[in-house]
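Student: For reference, the sequence and a predicted model appear below.
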Amino acid sequence: MNQTGFQKYLSLVAELNQHAYDYYTLDQPSISDAEYDSLYRQLEEMEAVHPEWLLPESPTQRVGGALQERFSQIKHSVPMLSLQNAYDKGDVNHFFDKMSKEGVDQFAAELKYDGLAVSLRYEQGVLVRGATRGDGEIGEDITANVRTIRSIPLRLRSLQGSAVPELLEVRGEVYMTRKRFISLNQEREMEGEAPFANPRNAAAGSLKLLDSSITARRKLDAVIYQIALWEGGGNRIAPANQVELWEVLADLGLPVPHERCSGLPEQCLTFYQSWQEQRYALPFDADGVVIKVGDFASRERMGSTAKSPRWAIAFKFSAQTALTRLEGVEFQISRSGVLTPVALLTPVNIGGVVVKKSTLHNYAGLKRLDIQIGDVVEVKRAGDVIPKIVRVLSEKREDSSTKPVAIPSHCPACAQATELDEEKVFLRCPNPVCPGRIRERLRFFVSKDGLDIEGLGEELVVHFFEKGLIRDAADLFRINKEDLLSLDRMGDKLADNILEALQQRKRVTLPLFLRAMGIPGIGSVTAKDLEKNFKTMDELQQATEEQLQSLSGIGPVLAGNLRTFFQDQANSDLLEKFRSYGVAIVASNPLSGENQNHPLYQKKIIFTGTLGTMSRSQAEAKAAQAGALVIGAVSRQLDLLVYGDKAGSKLEKAQSLGISCISETEFLTLLGEIN
């Protein structure tokens, strides 16, 4: 064996896992995405040449594997019990009284994540098994799927010479953030699939997929809150109370609840009340607070019933719902042509927020509720997710005061006859040049999730369209100053800023352009994966469906969406139009050819302060196109810092380390944009 090469491989695996821990568990990224991707590619190349080196904890093993036939069953070493629920303060005080009689007055409290309970087993520090709760005694083997969750370490960390337990089994919750939930439902509706009802259902459904590569793309998260088994560990001692457990789990690299407290009953109740009021500020759904006896010896003494531990209780949050009346239903058109019904409500205050609208999801959701205009409805607010109607009080319906919802037979934007899909889930406008669909495509193209054109917001681009200035996204790049000044309230400076922003986007990376085109199912991650195999748009256009499906993470639906997009003559004409207006689609980080001679090639670079001629993201894109590696923190490994106005501590630190620091003008000179 090539020992030197193997040692380099081991070091690279350890380095990438450390960066993943910094990013996903600590939320403190130590390097840029571009630099991580470069290291990841090196690892892939090593494993391709030396498959015998492959370690189970390698980051490459998180992408998901072959389709499984079914989940096997696993008997839990220690039963996975459920918690007793409390719905008011009286129930919780009764729990505290019982614990006081047991001589307990110290407790711990943490948020109750609304996800799917899982059990993880580590042997000699390596993740070997993941299982669902099932019936508490027997669960399903979901090892392949939990391995795709980046906050779950494939190998436990060993800090400061401490040994990891020889056997460790932990319990926790797998969940999905609200932001990812909203994004996933948008993707599903674009693909003609029914949306998930809530983040918990989305997480549970994702964990039970037979194709783990799809689970990987769902971007699940996890939190660990309990140790079920601990054997061995040398000089590392098993924790004796909940506070020590949080510390030990974190030291081992496992994700623990960030929102937690320990102390007397009064402190736990204050913790509950605080999060009852703030829960919608969390990035994930929480449905209560778990209160536990802090000391493990006391827990052991008290034991459990057949279903629940006697030493813990789940204090559930009160529901954030209200009754109001449905005043109307409007149908909003998406860029894919789906007509989404939105309920117009009599304004009502729910948890401090005035709610006027609620989602009805789709045609099927509207029919399922059997809702009528004038009905009294119960509305639930769920954080950043659009409020939804959970119940129609049909018993309050009066024939004279309610009327059925009118389902549009024709598109409200273009008057084309609407169509209902075979499953009767989605109502669509089939017209590809429907003004409503074009407006939404333009909104997406310039948005943060699209090309992110600075200074050109969604409302402004719609204004351009309605005034006849543009007919599609490519037309943005032929606009001149005279066109802009012909618009109302368009000043000279604003026009110049818009034109400069468009000029900056005439060189755009392939993943960013693919994302902005709004191809169903093609988001940032998939677009980057495609670029690893197809370096140019022309190569991607020529790819067959079979070639696309051979790639990791590209199934038949995504492959079909891509081929459908490129085979559509209107899309081919649009791509040619972009080219004719000077839009160049370039590689994200070209590491060969002429870039090898560029002064920024493979230089580690960072930007700080306010730049005068471009945004930070535009500057980073320019650096990446020149072959530089954009990173996030100043260290001795940094080669170059570019500073703008009001540069602060990063500039001072770089100067103290003797790192080369240049102005924005000097940076543009290096790029050849200024002589």
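Tutor: Received, thanks.

Student: got the residue ranges for the helices in the stretch 451-600 of the chain?
Tutor: 458-466, 481-485, 492-504, 510-516, 524-533, 537-542, 545-549, 556-567, 569-580 (DSSP state H, counting those that start in this stretch).

Student: Tell me which of these sits most buried.
Tutor: Comparing the helices of the stretch 451-600 of the chain by mean neighbour count (mean count of other C-beta atoms under 10 Å), helix 510-516 ranks first with a mean of 22. To be clear about C-beta, it is placed using only N, CA and C from the backbone, and glycine gets the same treatment.

Student: beta partners for Phe331?
Tutor: In this entry, Phe331 is beta-bridged to Pro341, by DSSP bridges.

Student: And the lowest mean pLDDT element among the helices and strands of this structure?
Tutor: Every helix and strand of the chain was ranked by mean pLDDT, DSSP states H and E. The lowest is strand 629-630, at a mean of 71.

Student: Which secondary structure elements does the very next helix or strand once past that one sit against?
Tutor: Per DSSP states H and E, strand 629-630 leads on to strand 640-643 as the next helix or strand towards the C-terminus. When contacts are defined as 3 or more C-beta pairs under 8 Å, 6 or more residues apart in numbering; DSSP states H and E, strand 640-643 sits against strand 604-608, helix 649-656, strand 660-663, helix 664-671.

Student: What's the local residue count around Glu52?
Tutor: Neighbours of Glu52 under the rule other C-beta atoms under 10 Å: 7.

Student: Contact partners for it?
Tutor: By C-beta atoms under 8 Å, 6 or more residues apart in numbering, the contact set of Glu52 is empty.

Student: helix/strand/coil for it?
Tutor: Judged by DSSP: H, G, I helix; E, B strand; the rest coil, the three-state class of Glu52 is helix.

Student: Need the pLDDT of it.
Tutor: The confidence metric pLDDT takes the value 84 at Glu52.

Student: Going forward, the N-terminal residue is numbered 455.
Tutor: Will do, 455 is the new start, and the previous item becomes Glu506.

Student: That one and Gly459, how far apart?
Tutor: Using C-beta to C-beta, to the nearest Å, Glu506 is found at 12 Å from Gly459.

Student: go on, Ser812?
Tutor: 59 Å.

Student: between these two, which one's more packed in?
Tutor: Ser812 (22 against 13).

Student: For that one, give me the backbone phi and psi.
Tutor: Dihedral pair for Ser812: phi -150, psi 140, per degrees, to the nearest 10.

Student: residues in contact with it?
Tutor: Counting by C-beta under 8 Å, 6+ apart, Ser812 has contacts Val796, Ala797, Leu799, Val831, Val833, Ile840, Pro841, Lys842, Ile843.

Student: repeat that with 7 Å
Tutor: Applying C-beta atoms under 7 Å, 6 or more residues apart in numbering, we find Ser812 in contact with Ala797, Leu799, Val833, Ile840, Pro841, Lys842, Ile843.

Student: Save the residues you listed as a markdown table, and put in secondary structure too.
Tutor: A markdown table is the format used below for these (three-state DSSP):
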| residue | secondary structure |
| --- | --- |
| Ala797 | strand |
| Leu799 | strand |
| Val833 | strand |
| Ile840 | strand |
| Pro841 | strand |
| Lys842 | strand |
| Ile843 | strand |
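
Student: In these, which residue is surrounded by the most others?
Tutor: That'd be Ala797 among these, by other C-beta under 10 Å, with 27 neighbours.

Student: So which bits of stretch 1097-1109 are buried?
Tutor: Tyr1097, Gly1098, Ala1101, Lys1104, Leu1105, Lys1107, Ala1108 (16 or more other C-beta atoms under 10 Å).
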